[in-house]
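Curious how this folds, go ahead:
(one chain, ligands or ions: 1)
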Amino acid sequence: AEAHLKKLDEHRALNAFITETPERAREMAKASDARRAKGEAALLEGVPLAIKDLFCTEGVQTTAGSHILEGFVPQYESTVTANLWKAGAVMVGKTNLDEFAMGSSNMTSYFGGVENPWKKRGDNRKLVPGGSSGGSAAVVAAYMVPGSTGTDTGGSIRQPAAFCGIVGLKPTYGRCSRWGVVAFASSLDQPGPFARTVEDSALLLQGMAGHDPKDSTSAPLAVPDFAAAARNTDIKGLKVGIPREYRVEGTAAEIVALWDKGIEMLRAAGAVPVEVSLPHTKYALPAYYIVAPAECSSNLARYDGVRFGLRVPGKDLIEMYQNTRGAGFGKEVRRRIMIGTYVLSAGYYDAYYKKAQQIRALIARDFKQAFEKCDVLLTPTAPTAAFAAGEKMDDPVTMYLNDMFTIPASMAGLPGISVPAGVDKDGLPLGLQIIGRSFDEETMLRAAAALE
Ligand code: GLN
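Numbering: from 1, shown residues only. The predicted model follows:
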């Protein structure tokens, strides 16, 4: 813990933490030492972890990257973090993120952007770490901690993992409890780990996962031995689906080449690549940007200046609401609340929201049919490497396109993992994604480990 706290000092300029908790880390490490001395070491005993500032942590400020929650100190602990502490892990702090997890760059945080520890060769410009869990990805890439937690609604674990050259795992929807995680789009949000190896990500997932009666969408399943699955790299005969529709224009040539290299690596390890079709892929992104804002507009209605964080007074209650929400939410969050409110309103609901839900069902069916022919899917994680800080900020659609490879699996609730698989011509890391069957993270981990 001390060694890692020193790393926090060294890399403070990355702006990866919103709150550091060195005292709590020392306290937890001491308790961990005592357990170890008694021979009671648990799964993650003494492992220092950083927590995305979207997970409620008892007695420690939780901001969701928003001004509206500044100063909010939860009186309870999220189930996922409680599970991690039970497994012996040690919290070093809360990491920076896009406001309410809405974004792909970390530039929408009220607390300022996070800097990617990687730079282009011979170019000193700051790059984004991806988002929304960019802080959690940067701290692992910079060796400030060996692991961290993130949440993935449409790619927020996998895309920053790819941008930062580490492993990011989004479990099946329902594998990890959402209780105590600040909600963005409840039918899509899913907590998961960041780590530097597939095996470490499996260990962390094992510590985070499990049924939780406090989350009605939590799956009543036992937690498998994920770490054992990650150690088993035997993929002889495993059928790896290559979805034809993911060969889209606009993907960097190097990423297409990396994808081909990944196919060859898995083939060399004994897997059998097969071409599959996911015909509704191109509708996933537009449907996501209806479903996610719709759910966000409903979830964020609770920030009214009465119950949480910021309050900006007004002459009456309505004006107080307006002042608080106007000052408390950033531009991207306001944009999504407006889109969401619009698509849910009478007269537009059938035209937009209902259509998007229908598309979602078709996307899930596409995957189901593809998985009759293969065991996992292999795709790129993102269409580009990390970009410069500030880029794409004036064009939300280009920003949204970052998630074109991660969103379809999110819409279907499937598990996905991003594994660092190479670098581009500037020396920046690139990732490949393995998508698994519902609740079959084990096969996904096995294929991911074969890519390392
Ligand atoms: N970038 C996507 C969005 O802005 C995904 C975010 C996420 O997964 N939390 O909605």
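
Wait, R158 touches K170, no?
Yes. Contact criterion Cβ atoms under 8 Å: R158 and K170 qualify, at 5.8 Å. No exception for glycine: its C-beta is placed from N, CA and C like everyone else's.

what residues are shared contacts of the two?
D152, T406, G416, I417 (Cβ atoms under 8 Å, 6 or more residues apart in numbering).

Return the closest of those residues with respect to the ligand.
D152 (5.0 Å; Cβ to the nearest ligand atom).

ok, that closest one - contacts?
S133, R158, G168, K170, D189, Q190, P191, G192, T406, S410, G416.

So E442 versus the ligand, what's the distance?
23 Å (Cβ to the nearest ligand atom, to the nearest Å).

Let's see the pLDDT reported for that residue.
pLDDT, E442: 98.

secondary structure element for it?
Per DSSP states H and E: E442 is located in helix 441-451.

what's in contact with that helix?
167, 169, 171-172, 175, 198-199, 201-202, 205, 224, 226, 229-235, 238, 240, 262, 265-266, 269, 271, 375-376, 378, 415-417, 419, 421, 432, 434-437.

Just the buried subset of those, please.
167, 169, 171-172, 175, 198-199, 201-202, 205, 224, 226, 229-230, 233, 235, 238, 240, 262, 265-266, 269, 271, 375-376, 378, 415-417, 419, 421, 432, 434-437 (16 or more other Cβ atoms under 10 Å).

Go through those and flag which are in helices.
The helices, defined by DSSP state H, take in V198, E199, S201, A202, L205, F226, A229, A230, G262, M265, L266 from the buried ones among the contacts of helix 441-451.

Pipe these into JSON lines and attach pLDDT and distance to the ligand per row.
Shown next, in JSON lines, are these (pLDDT from 0 to 100; distance: Cβ to the nearest ligand atom, whole Å):
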{"residue": "V198", "pLDDT": "98", "distance to the ligand": "21"}
{"residue": "E199", "pLDDT": "98", "distance to the ligand": "24"}
{"residue": "S201", "pLDDT": "98", "distance to the ligand": "17"}
{"residue": "A202", "pLDDT": "98", "distance to the ligand": "21"}
{"residue": "L205", "pLDDT": "98", "distance to the ligand": "17"}
{"residue": "F226", "pLDDT": "98", "distance to the ligand": "22"}
{"residue": "A229", "pLDDT": "96", "distance to the ligand": "24"}
{"residue": "A230", "pLDDT": "96", "distance to the ligand": "23"}
{"residue": "G262", "pLDDT": "97", "distance to the ligand": "23"}
{"residue": "M265", "pLDDT": "96", "distance to the ligand": "27"}
{"residue": "L266", "pLDDT": "97", "distance to the ligand": "26"}
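
In those, find the pair that's most separated.
Maximum pairwise distance in these, criterion Cβ to Cβ, is 23.0 Å, between L205 and M265.

Next, the buried residues of the longest helix seen in the chain.
Looking across the chain with DSSP H, the single longest helix is helix 281-299. Neighbour-count burial for helix 281-299 flags 281, 283-285, 287-299 (criterion: 16+ other Cβ under 10 Å).

same question, stretch 352-367
Within stretch 352-367, the residues that qualify as buried by neighbour count (16+ other Cβ under 10 Å) are Y352, Y353, K355, A356, I359, R360, L362, I363, A364, D366, F367.

Need the max-distance pair from the residues you listed.
Comparing all pairs in the buried residues of stretch 352-367 by Cβ to Cβ, the longest separation belongs to Y352 and F367, at 23.2 Å.

For the residue nearest to the spatial centre of the chain, give me its contacts.
Taking Cα atoms, centre = their mean, the centroid of the chain lies closest to I157, which sits 2.4 Å from it. Contact partners of I157, counting by Cβ under 8 Å, 6+ apart, are S133, G150, T151, G168, L169, K170, G192, P193, F194, S418.

let's see 10 Å
Counting by Cβ atoms under 10 Å, 6 or more residues apart in numbering, I157 touches 52, 130, 132-133, 136-137, 148-151, 167-171, 190-194, 201, 406, 416-418.

Could you do S104 as well?
98, 128, 130-132, 134, 154-156, 159-160, 163, 382, 387, 392, 398-403, 406.

Selection in ChimeraX covering whichever of those residues are buried, please.
Command for ChimeraX that selects the buried part of those, burial taken from 16+ other Cβ under 10 Å:
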select :98,128,130,131,132,134,154,155,156,159,160,163,382,387,392,399,400,401,402,403,406
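
So which bits of the stretch 101-250 of the chain are right by the ligand?
Residues of the stretch 101-250 of the chain found near the ligand (Cβ under 6 Å from any ligand atom) are A101, M102, G103, S104, S132, D152, T153, G154, G155, S156, F184.

And the stretch 301-450 of the chain, by the same measure?
D403.

Quick one: list the elements packing against the helix or strand bottoming out on mean pLDDT in the chain.
In the chain, the helix or strand scored least confidently by mean pLDDT, DSSP states H and E is helix 396-401, which has a mean of 82. Contacts defined by 3 or more Cβ pairs under 10 Å, 6 or more residues apart in numbering; DSSP states H and E place helix 396-401 against helix 281-299, helix 331-344.

Give the next helix or strand downstream of that helix.
Using DSSP H and E, the first helix or strand after helix 396-401 is helix 407-411.

can I have that next one written out in CSV, keeping just the CAs?
C-alpha atoms of helix 407-411 as CSV (Å, rounded to 0.1, in the frame of the first residue of the first chain):
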residue,chain,number,x,y,z
ILE,A,407,-22.3,-1.0,-27.9
PRO,A,408,-23.9,-4.0,-29.6
ALA,A,409,-22.8,-6.4,-26.8
SER,A,410,-24.1,-3.9,-24.2
MET,A,411,-27.5,-3.7,-25.9
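
helices and strands around it, which ones?
The contact analysis (3+ Cβ pairs under 10 Å, 6+ apart) places helix 407-411 against helix 281-299, helix 355-370, strand 376-380, strand 416-423, strand 429-436.

if we go to 6 Å?
The contact analysis (3 or more Cβ pairs under 6 Å, 6 or more residues apart in numbering; DSSP states H and E) places helix 407-411 against helix 281-299, helix 355-370.

if you look at the first one, does any of it touch the ligand?
Just to be clear, that refers to helix 281-299. Yes. Using Cβ under 6 Å from any ligand atom, we find that helix 281-299 touches the ligand at A292.

Report the inter-axis angle for that helix versus helix 331-344.
100 degrees (axes from the mean of the first three to the mean of the last three Cα atoms, to 10 degrees).

quick one: average confidence on helix 281-299?
The average pLDDT for helix 281-299 rounds to 97.

now it, how far from the centre of its chain.
Offset of helix 281-299 from its chain centre (Cα atoms, centre = their mean, to the nearest Å): 16 Å.

and the angle for that helix with helix 355-370?
130 degrees.

Provide the contact partners of helix 281-299 at residue level.
154, 183-186, 245, 336-337, 339-341, 343-344, 352-353, 356, 359-360, 363, 404, 407-408, 411 (Cβ atoms under 6 Å, 6 or more residues apart in numbering).

after it, next one along is what?
Assigned by DSSP H and E, the successor of helix 281-299 is helix 317-328.

mind listing what's buried in that next one?
M320, Y321, N323, T324, R325, G328.
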